[in-house]
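**Q** Okay, sequence plus prediction incoming.
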Amino acid sequence: MDMNGKTVMITGASRGIGAQAARVFLAAGANVALVARSQEAIANLAGELGPKALAIPCNVARFAEISAAVDATVDTFGGLDVLINNAGVIDPIAHMDQADPDAWGQAIDINVKGVFYGMRAAVPVMKAAGGGTVLTVSSGAAHAPIEAWSHYCASKAAAAMLTRSLHHEEAAHGIRAIGLSPGTVATQMQRDIKDSGINPVSQLDWEVHIPADWPARALLWMCSPAADQWCGEEISLRDEGIRAKVGLI
C-alpha cells in the first residue's frame, strides 16, 4: 500500500497499536500526525520518525482540542486523508456495583465521545477534499458482555455503531468507515487487564496475544480498495482469512 502524499492522523499514538501504526504508515510513505495526551511520549516518537511526523498533545475527550489537532494537521501537511480512532482506556476494571461513577464516565468520554469528536472534526475536511478513510479500533467486547468491563463493552459497542452510522450517512460522499477488532494485543492495556485478575481475559497466557505490528499492518491494508467490502462493518483479526489478506500468515 503506497501512502506517499497521504496524511494520517492517529489518536492514542503514544504507545501500543497507535505508535506502531505511526511507524507502519510512515514506512509506507505517509505523513503522520501523532495525537495523544502524553506530550513527552509523542514528542519522542516524532523525533524517532523524523520530519514527516507531527506531535500534537490532545485530549480526545474535548472537542475543541481534537478540532484544533485536525486544523494543525491540515496546516502542516496540506490535508487529511485518514483518521485512525485508536485512543481508548480499559480503566476502571470493576463490577458495576463497585465502579467509580466518575471514572466510568471518563471511559465513555474517551472511548465514545473521543471517536465521535474525531469523526466530527475530520469528516468535513475529508468531504471537502473529495473523500477519506475513518478507521476505528474496536474490540470483541463490543459484541458480548465481559465481567467488570461494563464501561468498555458499552463504549466499544457505541463506537461500532458510530462506524455504521458514519457509513450510512457519508459513504455517498466518499467517506470509507471501517472498524477493526484486533483481538488481544501485547500492549500495556493487556498488562493492566492481567493485573486486575478479573474475568477470563486476565487469565490468558501472554504468548497468545498478537504483536501490535499486526493490527498496525491491518490498518494500513484497510486503506486500500481491497477492504472496500467491509465499509460500514468491522474486520476481525481473529479471522484467518483476514490475516491472510493482510499478509500476516
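**A** That came in fine, so what should we check first?

**Q** what's the spacing between the residue nearest to the spatial centre of the chain and residue 189?
**A** Residue closest to the mean C-alpha point of the chain, counted by C-alpha atoms, centre = their mean, is residue 86 at 1.8 Å. Using C-beta to C-beta, to the nearest Å, one obtains 11 Å as the distance from residue 86 to residue 189. C-betas here are computed from N, CA, C, even on glycine.

**Q** go on, residue 157?
**A** 18 Å.

**Q** Same check on residue 3?
**A** Distance of residue 3 to residue 189, given as C-beta to C-beta: 26 Å.

**Q** more crowded one of the two?
**A** Legend: neighbour count by other C-beta atoms under 10 Å for residue 3 and residue 189, higher for residue 3 (21 against 18).

**Q** Which helix or which strand is home to that one?
**A** Using DSSP states H and E, residue 3 maps to neither a helix nor a strand.

**Q** Hmm, it is touching residue 24, no?
**A** No - assessed by C-beta atoms under 8 Å, residue 3 is found out of contact with residue 24, at 9.4 Å.

**Q** any shared contact partners between these two?
**A** Overlap of the contact sets of residue 3 and residue 24 (by C-beta atoms under 8 Å, 6 or more residues apart in numbering) consists of residue 220.

**Q** This structure: helices as residue ranges?
**A** With DSSP state H as the criterion, the chain has helices at 16-27, 39-49, 63-77, 101-108, 114-128, 150-170, 188-196, 213-222, 240-246.

**Q** Which one of these has the poorest average confidence?
**A** For the helices of the chain, the bottom mean pLDDT is recorded on helix 188-196, which sits at a mean of 72.

**Q** So which elements touch it?
**A** Judged by 3 or more C-beta pairs under 8 Å, 6 or more residues apart in numbering; DSSP states H and E, helix 188-196 is in contact with no other helix or strand.

**Q** Please read off the pLDDT at residue 211 from the model.
**A** pLDDT, residue 211: 75.

**Q** Next one: it from residue 10, what distance?
**A** Residue 211 sits 17 Å away from residue 10, going by C-beta to C-beta.

**Q** And residue 158, by the same measure?
**A** Shown here: residue 158 relative to residue 10, a distance of 21 Å by C-beta to C-beta.

**Q** Same drill for these two, tell me which one is more crowded.
**A** Higher neighbour count among residue 158 and residue 10: residue 10, with 28 against 16, using other C-beta under 10 Å.

**Q** For residue 236, which residues are in contact?
**A** Contact analysis of residue 236 by C-beta under 8 Å, 6+ apart lists 140, 181, 183, 242.

**Q** and what of residue 113?
**A** Each residue near residue 113 by C-beta under 8 Å, 6+ apart is listed here: 60, 61, 63.

**Q** residue contacts, residue 45?
**A** By C-beta under 8 Å, 6+ apart, the residues touching residue 45 are 13, 14, 19, 22, 34, 53, 55.

**Q** Next: residue 232.
**A** With C-beta under 8 Å, 6+ apart, residue 232 has these contacts: 163, 164, 167, 168, 171, 177, 178.
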